[in-house]
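1. Predicted model and sequence below, questions to follow.
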Amino acid sequence: MVSTFSFKDGDRLRFRPDDQLLGIFRAAYPHRRPSEAGEIASLAHALRSRYGVMLPDIWHEQLTLGALFRDIQALRGKPAAA
C-alpha cells in the first residue's frame, strides 16, 4: 500500500491497523474524490495480482488496514495472527 499511494518506505511505520483506507486517501489527497483516484485502482490491481483478492469483494467505507490484512488472509485460506 505504501508504494500504491506514493508514500516513502519509512512512512509505513506511521500506519496502524485501525487506520481506514479512505482516511489515508483523504489525508494524502484532500482535494480528490476516491472515484477519481488512480491510487485506489492501483491498490485493487496490486491486491488482485499479488494475492488473488478482488478489492470490491471486501470493500466497505470503514475498511481498515487491519481488516484488509485479515480479509486477505481469510480469502487465501490462512489464519491471521491474533
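-> Sure thing, it's come through.
2. If we ignore the residues flanking it in sequence, what's nearest residue 75?
-> Leaving aside its chain neighbours, residue 75 sits nearest to residue 53 (5.3 Å; criterion: Cβ to Cβ, 6 or more residues apart in numbering). Any C-beta I mention is one placed from the backbone N, CA and C, and that applies to glycine too.
3. Quick check: the one you found touching residue 71?
-> Yes - using Cβ atoms under 8 Å, residue 53 makes contact with residue 71 at a distance of 7.4 Å.
4. quick one: buried residues of whichever helix in the chain runs longest?
-> Longest helix of the chain, by residue count under DSSP state H: helix 38-51. Buried residues in helix 38-51, counted by 16 or more other Cβ atoms under 10 Å: 39, 40, 43, 44, 47.
5. Quick one: which of the residues you listed has the lowest pLDDT value?
-> Note: of these, the lowest pLDDT belongs to residue 39, at 77.
6. Relative to residue 52, how far out is that one?
-> 21 Å (Cβ to Cβ, to the nearest Å).
7. ditto for residue 72
-> Relative to residue 52, residue 72 is positioned 9 Å away (Cβ to Cβ).
8. any idea how far the closest residue to residue 44 other than its chain neighbours is from residue 15?
-> Spatial nearest neighbour of residue 44, excluding adjacent residues (Cβ to Cβ, 6+ apart): residue 55 at 3.9 Å. Remark: distance between residue 55 and residue 15 (Cβ to Cβ) = 18 Å.
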